[in-house]
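J.: take this sequence and fold it.
(one chain, ligands or ions: 1)
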Amino acid sequence: MARLAVTARLSDPDAVARLRAAGHDVAVRDDPRPASPAELLALTAGREGLLCLPADHVDAAFLDASRVRWVSNHAVGTDNIDLAAAADRGVAVANTPGVLDDAAADLCVALALAAARRVAEGDRLVRAGGWTGFSTDLLLGLDLAGDTVALVGLGAIGRGVARRLVTGFGMRGLYVARRPHPDDERALGVERADLDEALAAAALVTLHVPLTADTRGLIGARELALMRPGAVLVNISRGPIVDEGALTAALREGRIAAGLDVFEREPIGRDHPLASLPNVVLTPHIASAGRVTRARMAALAADNLLAMAAGRRPPSPVVWEGSVVA
Ligand code: GLV
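T.: Below you'll find the predicted structure:
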């Protein structure tokens, strides 16, 4: 029997039930707000296993102060965890890849369409009673079919977006990646480009890279200035990949539009500078929030923790036996 902690109520209660059915003692934090470092330490006091969310910071200080040996992230992104510190301390880490790609690609396309075709602006206009009748130039937006999408990152989520927008909507697809993906080029009809070239060519730019030291601030003022006037930027990856101040300035000038599911610091509220701008569609970090997807994530996070607690390699390891493996 191990002592485990879960930092939030999971969308599928079966996941925690399975941890308990395996004989483990499980403490579940029942608070939708992100846990502070002190709360995370209190929750995990005397516990070896942690099932956590992207909002939980599992850093070196936490690892030194706690007895946690196994970290199961209920997310594919692991930027909330200091992987090197975990590897150094022999702490195992796992995540939830594979089960959320379609849901994330769907939300990317939803934000792209909402920003390109001004869906949220139209909704606000109607609700405010400002719609006076059919008009030939009301809320004109960007046509996606036949224009170019630039996919920054071509992992599983980027490929899902390419299937939807290139294969499905008839967009020309450029991708930016460290290495060529010849199989994807053949299967999806996408072409590799460097970042500057892709930004300058695209009507729509979508971000699909993990947050690392290399990608932090990848899209700054210079890159935003390269985008075509009227183009749309969609970020469903991690907020700090974009310089939010520079993006806010570009949106305020009306040069581009955006759809954002992630932010430099989350959550944001109504007083955030982005929240007053009409040409950005904002969602509260819900890219993986399909009902079926969230149940699969909870199940995989539980499977990962059950395996680690039994001393077995988890189904989706990120740090295992002192090395970062994914
Ligand atoms: C969510 O943001 C995830 O990384 O799964």
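J.: how's the chain carved up into domains?
T.: What automatic domain parsing lists as the domains of the chain is 3-99+291-324, 101-282.
J.: export the ones you listed as TSV, with columns for mean pLDDT.
T.: Shown next, in TSV, are these (pLDDT from 0 to 100):
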stretch	mean pLDDT
domain 3-99+291-324	97
domain 101-282	98
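J.: tell me who's in contact with the residue nearest to the spatial centre of the chain.
T.: The C-alpha lying nearest the average C-alpha coordinate of the chain belongs to residue 237 (Cα atoms, centre = their mean; 3.5 Å). Shown in contact with residue 237 (Cβ atoms under 8 Å, 6 or more residues apart in numbering): 77, 153, 207, 208, 209, 210, 211, 262. Glycine gets a C-beta too; all of them are placed from N, C-alpha and C.
J.: how about a cut-off of 6 Å?
T.: By Cβ atoms under 6 Å, 6 or more residues apart in numbering, residue 237 lies in contact with 207, 208.
J.: gap between residue 311 and residue 46?
T.: 20 Å (Cβ to Cβ, to the nearest Å).
J.: with residue 169 instead?
T.: On the measure of Cβ to Cβ, residue 169 and residue 46 end up 53 Å apart.
J.: again, but for residue 313
T.: For residue 313, the distance to residue 46 (Cβ to Cβ) stands at 25 Å.
J.: which one's more surrounded, these two?
T.: residue 313 (14 against 10; other Cβ atoms under 10 Å).
J.: compute the number of surrounding residues for the residue lying closest to the more buried one once chain neighbours are set aside.
T.: Closest residue to residue 313 apart from its sequence neighbours, by Cβ to Cβ, 6 or more residues apart in numbering: residue 320 at 5.8 Å. Residue 320: 16 surrounding residues under other Cβ under 10 Å.
J.: what's near enough to touch residue 170?
T.: Counting by Cβ under 6 Å, 6+ apart, residue 170 has contacts residue 145.
J.: for the closest residue to residue 190 other than its chain neighbours, give me phi and psi.
T.: Spatial nearest neighbour of residue 190, excluding adjacent residues (Cβ to Cβ, 6+ apart): residue 173 at 3.7 Å. Torsion angles at residue 173 (phi, psi; degrees, to the nearest 10) stand at phi -110, psi 120.
J.: who touches residue 173 in this structure?
T.: Contacts for residue 173 (Cβ under 6 Å, 6+ apart) come out as 149, 162, 166, 190.
J.: return the member of those residues nearest to residue 290.
T.: residue 162 (19.4 Å; Cβ to Cβ).
J.: and for that closest one, nearest residue in space, chain neighbours not counted?
T.: With Cβ to Cβ, 6+ apart as the criterion, residue 162 has its nearest non-adjacent residue at 4.5 Å, and that residue is residue 188.
J.: any idea how far residue 97 is from that neighbour?
T.: 19 Å.
J.: over to residue 219?
T.: 23 Å.
J.: the more surrounded of those two?
T.: Neighbours per residue (other Cβ under 10 Å) separate residue 219 from residue 97, with residue 219 holding more: 23 against 20.
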